[in-house]
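In: Everything below, folded, please.
(one chain, ligands or ions: 2)
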Amino acid sequence: MMIGQAALFHAGSARVKPRWRRVPVETVVFASLALVTLVVLGLGLPLPSLTIQVVLLGVLVGILGLPHGALDPLIARRAGLWRTRLGFAGFNMAYILVVVVVVLLWLIAPVASLVTFLLVSALHFGSDWNADRAPWLRFLAGFGLLSVPALSHPAQVSAAYVVLAGDGGAVVASVQEWLGPLALASLLLAALVALRHRAHESIEILLATMLALATEPLVFFLLYFCALHSVRHLKAGFQAERDGGRLSALMVMVYTVVPILVVGVVLVWLGPDGSLSEQILQVVFIGLAGLTVPHMIVVTYENRHRRALRAPDLS
Ligand SMILES: CC1=C(/C=C/C(C)=C/C=C/C(C)=C/C=C/C=C(C)/C=C/C=C(C)/C=C/C2=C(C)CCCC2(C)C)C(C)(C)CCC1
Ligand SMILES: [Fe+2]
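Out: Ligands and ions are numbered 1, 2, ... in the order given. Next up, the predicted model:
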């Protein structure tokens, strides 16, 4: 009996990966880039100018950020949101309709839309950590992530919000600056909670906090969004669609290129208006706000569906 148990134990432990190999690849990518950035700052070396940051934001969000939402149709299929060709067409139309409505609402009520965007984004990004914990804890982490830049770089965040939502944007930035200490405390709490079972998440939260404190807001967002959030969701999406690798890759390509083309056509159609960096900033963030709502509905619906089936959380 004892021998049988020992053999079982050894057979099981042979398959258990050593701790360091269980660290997700996106943690390593994000941590390395964050550390390099912090060292560059520590040495007093200059970061790219604001215009270059904005152009980089446009390009990298397009290449690395958009693909993580481009898997939404496959996620929706797994969650049973569509099954037939007609269902697929309906899903696409509903998705586009929501994007269009959100963008129109932004044009009608920019400040309310900015505030809603920040709240929804906080919940979405906060769910990258402590996935099995209460929603309020995840929301606080996301709120912290998006508010610390307003504490450390109030002028830059205020300027970005004004470009996105007019003068009222500055008020939003000052409220976030005022809530800054609470934002910092929320991130530390999230890091502490994650420490027990997922130490790598603690490291991610601490590094993201340090980046938000030390670097320009757009550089911080670029690193977090492209190197951590997007890579994590893309990896989970491809893992879940293991048998349809080719289809997933094709889907990601088509669904990434389409919004980029639409944005390109809209920009050409509108013609130059204000500075190029302001226009890129508006297109990137208002476009992301539009995509965020259906993206979040799909991801949240799938997580619920997965929980109902009692399978492990992937996104
Ligand atoms: C499916 C589909 C499609 C596609 C889709 C996609 C591609 C998606 C994506 C999605 C995504 C991609 C999402 C994203 C999200 C994002 C977010 C959510 C963000 C946020 C951000 C924020 C909130 C920020 C803030 C700020 C500022 C603004 C400034 C500075 C500072 C800070 C950073 C704080 C299409 C349409 C074609 C068609 C139909 C179907
Ligand atoms: Fe996302």
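
In: And the helix or strand harbouring L184, what does it pack against?
Out: Per DSSP states H and E: L184 is located in helix 180-197. If you count contacts as 3 or more Cβ pairs under 8 Å, 6 or more residues apart in numbering; DSSP states H and E, helix 180-197 packs onto helix 135-152, helix 199-214. For glycine as for every other residue, the C-beta is placed from the backbone atoms N, C-alpha and C.

In: Show me what counts as buried in that helix.
Out: G180, A183, L184, S186, L187, L188, L189, A190, A191, V193, A194 (16 or more other Cβ atoms under 10 Å).

In: Not counting sequence-adjacent ones, nearest residue to the last one?
Out: Counting by Cβ to Cβ, 6 or more residues apart in numbering, the nearest residue to A194 once its immediate chain neighbours are dropped is E201, at 3.9 Å.

In: List the contacts of the helix holding L184.
Out: 126, 129-130, 133, 137-138, 140-141, 143-145, 147-148, 150-152, 176, 201-202, 205-206, 208-209 (Cβ atoms under 8 Å, 6 or more residues apart in numbering).

In: how does it look with 7 Å?
Out: Contact with helix 180-197 is made by 129-130, 133, 137, 140-141, 143-145, 147-148, 150-151, 201-202, 205-206, 209, as judged by Cβ atoms under 7 Å, 6 or more residues apart in numbering.

In: how about the buried residues of helix 180-197 in TSV, adding distance to ligand 1 and pLDDT?
Out: What follows is the buried residues of helix 180-197, written out as TSV (distance: Cβ to the nearest ligand atom, whole Å; pLDDT from 0 to 100):
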residue	distance to ligand 1	pLDDT
G180	12	96
A183	10	97
L184	14	97
S186	14	97
L187	13	97
L188	18	97
L189	19	96
A190	17	96
A191	19	96
V193	22	94
A194	21	94
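
In: circling back to that earlier point, out of the helices and strands packed on helix 180-197, which is closest to ligand 1?
Out: helix 135-152 (4.4 Å; Cβ to the nearest ligand atom).

In: Show me what the closest one packs onto, helices and strands only.
Out: In this structure, helix 135-152 makes packing contacts with helix 110-126, helix 168-178, helix 180-197, helix 199-214, judged by 3 or more Cβ pairs under 7 Å, 6 or more residues apart in numbering; DSSP states H and E.

In: Can the last one be said to contact ligand 1?
Out: It refers to helix 199-214. No: counting by Cβ under 6 Å from any ligand atom, ligand 1 has no neighbours in helix 199-214; the shortest distance is 8.3 Å.

In: What parts of the stretch 1-150 of the chain come near ligand 1?
Out: Residues of the stretch 1-150 of the chain lying near ligand 1 (Cβ under 6 Å from any ligand atom): 65-66, 68-70, 72-73, 92, 95-96, 99, 117-118, 121, 124, 146, 149.

In: Just the buried ones among the residues you listed, please.
Out: 65-66, 68-70, 72-73, 92, 95, 99, 117-118, 121, 124, 146, 149.

In: With respect to ligand 1, which of the residues you listed is nearest?
Out: Nearest to ligand 1 out of those is G69 (Cβ to the nearest ligand atom; 2.1 Å).

In: Quick check: the closest one vs H295, distance?
Out: With the distance defined as Cβ to Cβ, to the nearest Å, G69 ends up 5 Å from H295.

In: low pLDDT regions in the stretch 151-300 of the chain?
Out: Low-confidence segments of the stretch 151-300 of the chain, defined by pLDDT under 70: 242-244, 274.

In: Mind doing that once more with 80?
Out: Along the stretch 151-300 of the chain, segments meeting pLDDT under 80 span 240-247, 270-276.

In: Please identify the residues of it in proximity to ligand 1?
Out: Checking the stretch 151-300 of the chain against ligand 1 by Cβ under 6 Å from any ligand atom, the hits are 157, 160, 217-218, 221, 255-256, 258-259, 285, 288, 291-292, 295.

In: Try it again at 8 Å.
Out: 156-157, 160-161, 164, 176, 217-218, 220-221, 225, 230, 254-256, 258-259, 262, 281, 285, 288-289, 291-292, 294-296, 298 (Cβ under 8 Å from any ligand atom).

In: now those residues: which count as buried?
Out: For those, buried by 16+ other Cβ under 10 Å: 156-157, 160-161, 164, 176, 217-218, 220-221, 225, 230, 255-256, 259, 281, 285, 288-289, 291-292, 294-296, 298.

In: which ones among those residues are found in helices?
Out: 156-157, 160-161, 164, 176, 217-218, 220-221, 230, 255-256, 259, 281, 285, 288-289, 291-292, 294-296, 298 (DSSP state H).

In: Which among the helices and strands packed on helix 180-197 is found nearest to P48?
Out: Nearest to P48 among those is helix 199-214 (15.1 Å), distances taken as Cβ to Cβ.

In: now could you export just the CA positions of the closest one as PDB?
Out: Output of helix 199-214 as PDB, limited to C-alpha atoms (Å, rounded to 0.1, in the frame of the first residue of the first chain):
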ATOM      1  CA  ALA A 199       3.600  35.200  -6.800                       C
ATOM      2  CA  HIS A 200       4.200  36.100 -10.400                       C
ATOM      3  CA  GLU A 201       1.000  38.200 -10.400                       C
ATOM      4  CA  SER A 202       2.400  40.100  -7.400                       C
ATOM      5  CA  ILE A 203       5.600  40.800  -9.300                       C
ATOM      6  CA  GLU A 204       3.500  42.100 -12.300                       C
ATOM      7  CA  ILE A 205       1.400  44.300 -10.100                       C
ATOM      8  CA  LEU A 206       4.500  45.800  -8.300                       C
ATOM      9  CA  LEU A 207       6.300  46.400 -11.600                       C
ATOM     10  CA  ALA A 208       3.300  48.000 -13.200                       C
ATOM     11  CA  THR A 209       2.900  50.200 -10.100                       C
ATOM     12  CA  MET A 210       6.600  51.200 -10.400                       C
ATOM     13  CA  LEU A 211       6.200  51.900 -14.100                       C
ATOM     14  CA  ALA A 212       3.100  54.000 -13.500                       C
ATOM     15  CA  LEU A 213       4.900  56.000 -10.900                       C
ATOM     16  CA  ALA A 214       8.200  56.500 -12.800                       C
END
